[in-house]
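Enquirer: Model the following, please.
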Amino acid sequence: MRKYDLVCFDMDGVLTRVRSSWAWVHECLGVDSEPNYKAFCNGEIDEDEFMRRDIALWKGAKPDIRIRDIAVLFRDMPLIDGIQETVACLNDCGIKSHIVSGGIDLAAEMLAKEFGFTGYIADHICTNDDGSLTGEGVKVVDLADKGLVVKPLIERYGVKKERTISIGNSFTDIKMFESTGASIAFNPSDPYTEEAATYVVRSENIADVLDYILEDED
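Expert: Okay, the predicted model is just below:
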């Protein structure tokens, strides 16, 4: 017996120990995206322009940068403890696990392959035929409403909303919380996320969420 059939994981700040996969690339390349982040949070720019400006910073720091260079950076991105244990346990129980992130799909793909997540969905960086960056990104996951991708995901897997649980850490995950039967705020970064979640888990190990996902044996 199990309570849930699908777990939707945010990636940045939940599976990673850095604020975002975008921020990790900024850090590695020595660029400052804080003005872009503030402009986005203040509603001065939309998500597409946010990505465009961030990618421009990378190209400014390394004009010959290729998509493979960015993929290599993610090999050293700090991750939360317990991912392997958590996903293996879910898989053993027949529970699907899907990454839903406004982060970079290269990072999500790496985690999905390494740890055995059922699937992933995240934003995409556009490239030319030679692997160079066009300067554009594709918004696959709308940070204003992650529920827009979670609802079709639930339908695709043939599960029910009430048997789906989501895990996130920031206000951009609240709409995802609302689209699932239950939710876990994992090390929440703001009070709004904590208040919106069914459960709150503060831990250095993501496996601690399993206490709220799995049925008690008794």
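Enquirer: Please make it C-alpha for all contacts and neighbour counts, starting now.
Expert: Noted.
Enquirer: can you tell me which helix in the protein is longest?
Expert: In the chain, taking DSSP state H as the definition, the longest helix is helix 47-61.
Enquirer: buried ones in that one?
Expert: Buried residues in helix 47-61, counting neighbours by 16 or more other Cα atoms under 10 Å, are found at E47, E49, F50, M51, R52, R53, D54, I55, A56, L57, W58, K59.
Enquirer: do stretch 172-190 as well
Expert: Buried residues in stretch 172-190 (16+ other Cα under 10 Å): 172-180, 182-188.
Enquirer: pLDDT check: weakest of the buried residues of helix 47-61?
Expert: Ranked by pLDDT, the buried residues of helix 47-61 bottom out at E47 (91).
Enquirer: residues contacting that residue?
Expert: F40, K139, D142, L143 (Cα atoms under 8 Å, 6 or more residues apart in numbering).
Enquirer: and the two most separated of those residues?
Expert: Farthest-apart pair in those is F40 and K139; separation 14.0 Å (Cα to Cα).
Enquirer: about what we covered before: make a markdown table from the contacts of E47 and add distance to S132 to it.
Expert: Shown next, in a markdown table, are these (distance: Cα to Cα, whole Å):
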| residue | distance to S132 |
| --- | --- |
| F40 | 25 |
| K139 | 19 |
| D142 | 25 |
| L143 | 26 |
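Enquirer: which one of the residues you listed is nearest R17?
Expert: Closest approach to R17 among those (Cα to Cα): L143, at 19.4 Å.
Enquirer: pretty sure the closest one is touching G102, no?
Expert: Yes. The criterion here is Cα atoms under 8 Å, and L143 meets it with G102 at 6.2 Å.
Enquirer: Which one of those two is surrounded by more residues?
Expert: Neighbour comparison, L143 and G102: the larger count goes to G102, with 27 against 19 (by other Cα atoms under 10 Å).
Enquirer: Quickly check the buried residues of helix 47-61 for the two that are furthest apart.
Expert: E47 and K59 (18.6 Å).
Enquirer: Just the strands from this protein, written as ranges.
Expert: Assignment of strands within the chain using DSSP state E yields the ranges 6-9, 96-104, 119-127, 133-138, 164-168, 182-186, 199-201.
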